[in-house]
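Asker: Take a look and give me a structure for this.
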Amino acid sequence: MNNKLNEQANGVCIISATPFTDNGELDLVSTDTLTDFYLQQGVSGITILGMMGEASKLTEEESLLFMRRVLARVKGRVPVVVGVSHASHQHVKRLSDSAMEAGAAGVMLAPIPNLKTDEQISQYYLTLAEWLGRDVPICLQDFPQSTGVHTSVAVILRLIEALPQLVMLKHEDLPGLRKLSQVREQSAARGLRRISILVGNGGLFLPQEMRRGADGAMTGFAYPEMLVQVCALFQAGKPEAAEDLFDIYLPLLRHEFQFGIGLALRKETLRRRGVIRSATVRQPGPVLDGTDLRELGQLIARLELRLRDSEFGAVIS
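Answerer: Predicted coordinates:
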């Protein structure tokens with residue numbers, strides 16, 4: 001099966017957490033159960049070693065070990081995208097080559113911090129794309145809240161035109177709805193390739209982004225089945241039903257979106273769902289206190305109650 005990332009990618013390419021043991025070591029058993037869980041929920045793909053995957057806290061050896069474990073577990077059933085963002089071009093090249101040799105579908109690449117001008121950002125991607133080669137599909141991650149780099153619509157369009165291997169935009173600028181519309185509209189007006197656009201930010205704005213031309217989501221949430229079902233309902237021409245389902249999960253989704261603590265909440269929810277054995281976030285990172293844990297439990301209980309009382313309960317539970 002040719003699972004290389006392409007412009008037709010849609011649905012949910014889930015951003016995977018990276019499971020650790022209570023003492024902060026890689027948990028490969030939980031890596032298997034987490035990967036199985038994502039596949040069981042019907043995701044279209046899996047993205048590993050992203051920012052919410054704590055990639056920056058892993059050694060190079062750990063990154064390769066985790067990547068190979070996930071790829072071996074997936075066995076080509078869905079595309080796996082590997083985050084390779086790093087300050088060093090050599091590191092990006094080495095990890096990208098290792099990922100593609102191991103069966104990855106492509107790589108996700110965010111700009112290094114502190115690029116200021118359109119020309120600097122364009123040259124960064126043009127140079128790295130030449131290093132990686134045309135056979136490595138690239139997902140451009142546009143996440144200025146984290147990188148501090150604001151990639152303009154003009155730069156995105158220039159890169160689409162110049163780089164055939166650029167097949168996806170991970171859109172998570174904030175606010176970003178108008179930017180998404182402008183990429184779609186201006187790309188069409190100029191007769192450029194229509195690339196895949198998957199959105200981030202925990203899926204917090206997913207219904208509006210789907211209405212504006214997104215193809216799905218590349219993000220994380222402790223209930224990925226919701227993201228999958230919402231995207232499927234939009235693709236089936238049922239946007240109102242998609243929004244109705246989304247609204248049921250919104251309180252927990254919004255709670256998990258909190259900067260600084262969101263990953264700890266997501267991991268604790270995954271632990272409570274029996275998906276991973278420990279909710280540990282590798283240090284430095286947030287640690288939940290008793291109030292945080294009770295609050296999360298209350299939100300999960302309210303979600304489960306609303307699901308049971310809804311028309312979606314029999315399908316989603």
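
Asker: Low-confidence regions, the stretch 1-150 of the chain specifically.
Answerer: For the stretch 1-150 of the chain, residues meeting the criterion pLDDT under 70 lie at 1-2.

Asker: Name the SS class of the residue nearest to Leu132 when sequence neighbours are not counted, please.
Answerer: Once its chain neighbours are removed from consideration, Leu132 has its nearest residue in Ser96; the separation is 5.3 Å (Cβ to Cβ, 6 or more residues apart in numbering). Placement of C-beta: from N, CA and C, glycine included. The three-state label for Ser96, taken from DSSP: H, G, I helix; E, B strand; the rest coil, comes out as helix.

Asker: check contacts around Ser96.
Answerer: By Cβ atoms under 8 Å, 6 or more residues apart in numbering, Ser96 lies in contact with Val82, Val84, Val107, Leu132, Val136.

Asker: Determine the number of other residues adjacent to the third one.
Answerer: Burial of Val107, expressed as a neighbour count using other Cβ atoms under 10 Å, amounts to 26.

Asker: And the first one, by the same measure?
Answerer: The number of residues packed around Val82, counting by other Cβ under 10 Å, is 28.

Asker: In space, what's closest to it - neighbours in sequence excluded?
Answerer: Spatially, and ignoring its direct neighbours in sequence, Val82 is nearest to Ala99 (4.0 Å; Cβ to Cβ, 6+ apart).

Asker: secondary structure class for the one you found?
Answerer: helix.

Asker: re earlier: what separates the residue nearest to Leu132 from Val149, distance-wise?
Answerer: Taking Cβ to Cβ, to the nearest Å as the criterion, Ser96 is separated from Val149 by 20 Å.

Asker: who's in contact with the helix or strand where Arg184 lies?
Answerer: If you go by DSSP states H and E, Arg184 is part of helix 177-189. The contact list for helix 177-189, computed with Cβ under 8 Å, 6+ apart, reads 153, 156-157, 160, 169, 171, 173, 193-195, 197, 199, 205, 208-209, 212-214.

Asker: Quick one, which of those residues are buried?
Answerer: Among the contacts of helix 177-189, those scoring as buried are 153, 156-157, 160, 169, 171, 173, 195, 197, 199, 205, 209, 212-214 (criterion: 16 or more other Cβ atoms under 10 Å).

Asker: List just the nearest of those to Thr280.
Answerer: Closest approach to Thr280 among those (Cβ to Cβ): Val199, at 28.0 Å.

Asker: Might you report the residue contacts of the closest residue to that closest one other than its chain neighbours?
Answerer: Residue nearest to Val199 in three dimensions, not counting chain neighbours: Glu209, with 4.5 Å by Cβ to Cβ, 6+ apart. Neighbouring residues of Glu209 by Cβ under 8 Å, 6+ apart: His171, Leu177, Leu180, Val199.

Asker: Flag the shaky bits of the stretch 201-317 of the chain, pLDDT-wise.
Answerer: Residue ranges of the stretch 201-317 of the chain with pLDDT under 70: 313-317.

Asker: Mind jotting down where the strands sit in it?
Answerer: Residue ranges of the strands in the stretch 201-317 of the chain, as given by DSSP state E, counting those that start in this stretch, are 216-217.

Asker: quick one: the helices in it?
Answerer: 206-211, 224-235, 239-256, 262-272, 290-308, 313-316 (DSSP state H, counting those that start in this stretch).

Asker: and the fourth one, what does it pack onto?
Answerer: Helix 262-272 sits against helix 239-256, helix 290-308, with contacts defined as 3 or more Cβ pairs under 8 Å, 6 or more residues apart in numbering; DSSP states H and E.

Asker: tell me the angle of that helix relative to helix 224-235?
Answerer: Following axes from the mean of the first three to the mean of the last three Cα atoms, to 10 degrees, one obtains 100 degrees for the angle between helix 262-272 and helix 224-235.
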